[in-house]
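Colleague: curious how this folds, go ahead:
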Amino acid sequence: MSAEANAKSMSIIVTKGTLDWAYPPFILATTAAAMGLEVTMFFTFYGLTLLKKDLNLKISTLGNPAMEMPMMGMHMALPNIVSALPGVDGLATGMMKNLIKKKGVASIEELRDMALEADVNMIACQMTMDLFEYKREDMIEGPSIGGAASWVEVATKSDINLYI
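Modeller: The predicted structure is shown next:
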């Protein structure tokens, strides 16, 4: 029997809060939950912003040499030097949001709601909340607040542990 057939739980540490990095943890969490796995997501540092009520997610082209966008019938990459120009991140963010809408991909807000509906256990990192001076009322309803020990307790019992 494969390891996949035995998997019953998954934990994900979510550390990044840009639009492009928000998709992998939510897609994996909602897919795993739909397949019957118990899923826990631990949101820390910049990943914590994905739990804010008001999302204003952006993309950073800097340090992302693999970023290619379909334009003019081909895939165009942005050289890192272009990232230094004012407005490039805003342009890339707008292009990505348009592409997401055009292709019918669920928004992060929709994926987040799906995760909550699927009983994904979301934990907001208490230390990060304190560090960046976020208040509970800044965040959506549903996630609990806990420290690293909250995640470690879950991770030691999880079949799959991911760091995104």
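
Colleague: so which strand or helix has the spatially most central residue of the chain?
Modeller: Nearest to the mean C-alpha position of the chain, counting by Cα atoms, centre = their mean, stands Ala22 at 2.7 Å. Following DSSP states H and E, one finds Ala22 within helix 19-34.

Colleague: check which helices and strands that helix sits against.
Modeller: Packing partners of helix 19-34 (3 or more Cβ pairs under 8 Å, 6 or more residues apart in numbering; DSSP states H and E): strand 9-14, strand 38-43, helix 88-102, helix 108-117, strand 160-163. For glycine as for every other residue, the C-beta is placed from the backbone atoms N, C-alpha and C.

Colleague: follow-up on the earlier one: was I right about the residue nearest to the centre of the chain contacting Lys16?
Modeller: Yes - counting by Cβ atoms under 8 Å, Ala22 does reach Lys16; the two are 7.5 Å apart.

Colleague: worst-scoring helix or strand of this structure, pLDDT-wise?
Modeller: Every helix and strand of the chain was ranked by mean pLDDT, DSSP states H and E. The lowest is helix 3-6, at a mean of 54.

Colleague: quick one on the thing from earlier: wait, what's in contact with the residue nearest to the centre of the chain?
Modeller: Residues near Ala22 by Cβ atoms under 8 Å, 6 or more residues apart in numbering: Lys16, Leu50, Leu57, Ile108.

Colleague: in those residues, find the pair that's most separated.
Modeller: Among the contacts of Ala22, the pair separated by the greatest distance (Cβ to Cβ) is Lys16 and Ile108, at 12.1 Å.

Colleague: quote the end-to-end distance of stretch 43-55.
Modeller: Terminal residues of stretch 43-55 lie 15 Å apart, using Cα to Cα, to the nearest Å.

Colleague: state the mean pLDDT of that stretch.
Modeller: If you average the pLDDT over stretch 43-55, you get 96.

Colleague: mean pLDDT lowest for which of the helices and strands packed on helix 19-34?
Modeller: Among the helices and strands packed on helix 19-34, helix 88-102 scores lowest, with a mean of 86.

Colleague: compute the inter-axis angle for that helix and helix 108-117.
Modeller: Relative orientation of helix 88-102 versus helix 108-117 (axes from the mean of the first three to the mean of the last three Cα atoms, to 10 degrees): 60 degrees.

Colleague: tell me the buried residues in helix 88-102?
Modeller: Val88, Asp89, Ala92, Thr93, Met96 (16 or more other Cβ atoms under 10 Å).

Colleague: so the third one is in contact with Thr61, correct?
Modeller: Yes - applying Cβ under 8 Å as the test, Ala92 and Thr61 come out as touching, 5.0 Å apart.
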